[in-house]
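Colleague: sequence unknown, structure follows:
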Ligand SMILES: [Zn+2]
């Protein structure tokens, strides 16, 4: 397989491991597409293909094209550069999404492939980071009731409202270990939650 034919999460990750293991080629690994984070199985894979998943599974690849250091030649060769992301699948070797500059976009591309229809699912309140075990159980129960049967057992995502500044899609935070996909909180909701919104108006006070 030539480099131009290289495609898909498993083949690209094997190539990345191949580069990483060779001191002469290791410099090129930063710009080679690879899984982020690397799966645990990759420790043993060492350049060989990861096992093919028995069903479609989310994979997000990344490649770092940001110039490093003060060397102008790298900047000239690579341009201003960026950290790129793209969707892939651990079963379908021929599936890849387009290169994206926002991680969230690549994560969404991957979900369109693995969980079509995910965008129409109900949006819930997120589980607070400091939630008690009891609150966590209640949140999971509520999510399981609101979503299709078996959805989370397949690693399906949950959709939660977020405020500006907390809009990353977070892997591993859905009840079954899938992504917690960020949805902007509707303006009406956030206004209703503002203290004093239902209190007296300015005219009534003066
Ligand atoms: Zn697939």
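Modeller: Right, received. Where do you want to start? Bear in mind that the values here come from a model prediction, so they are computed numbers and not experimental data.
Colleague: List the residues that contact residue 59.
Modeller: 9, 35, 87-90, 110 (Cβ atoms under 8 Å, 6 or more residues apart in numbering). C-betas here are computed from N, CA, C, even on glycine.
Colleague: from the chain's centre, how far out does whichever strand or helix holds it sit?
Modeller: Secondary structure assigned from DSSP states H and E places residue 59 in strand 58-64. Here the centre of strand 58-64 is set off from its chain's centre by 9 Å, with Cα atoms, centre = their mean, to the nearest Å.
Colleague: With stretch 165-181 instead?
Modeller: The chain centroid and the centroid of stretch 165-181 are separated by 8 Å under Cα atoms, centre = their mean.
Colleague: what do you get for stretch 116-123?
Modeller: Distance of stretch 116-123 from the chain centroid (Cα atoms, centre = their mean) equals 16 Å.
Colleague: quick one: average confidence on it?
Modeller: Taken as a whole, stretch 116-123 has an average pLDDT of 97.
Colleague: just stretch 12-28 next, same as before
Modeller: The pLDDT scores in stretch 12-28 average 84.
Colleague: What's the end-to-end length of it?
Modeller: According to Cα to Cα, to the nearest Å, stretch 12-28 extends 13 Å from its N-terminal end residue to its C-terminal end residue.
Colleague: Can you point out the buried residues in it?
Modeller: Across stretch 12-28, burial judged by 16 or more other Cβ atoms under 10 Å covers 12-17, 19-20.
Colleague: and what of stretch 127-147?
Modeller: Going by 16+ other Cβ under 10 Å, stretch 127-147 has these buried residues: 127, 139-140, 143-144, 147.
Colleague: picking up where we left off before, now tabulate the buried residues of stretch 12-28 in CSV and tack on secondary structure and distance to the ion.
Modeller: Listed next are those as CSV, based on DSSP: H, G, I helix; E, B strand; the rest coil; distance: Cβ to the ion, whole Å:
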residue, secondary structure, distance to the ion
12, helix, 15
13, helix, 15
14, helix, 17
15, helix, 19
16, helix, 20
17, helix, 21
19, helix, 25
20, helix, 25
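Colleague: of those residues, closest to residue 173?
Modeller: Proximity of the buried residues of stretch 12-28 to residue 173, judged by Cβ to Cβ, is greatest for residue 13, which lies at 23.6 Å.
Colleague: Any stretches of this protein with poor pLDDT?
Modeller: Across the chain, the ranges flagged by pLDDT under 70 are 1-4, 39-47, 69-80, 188-206.
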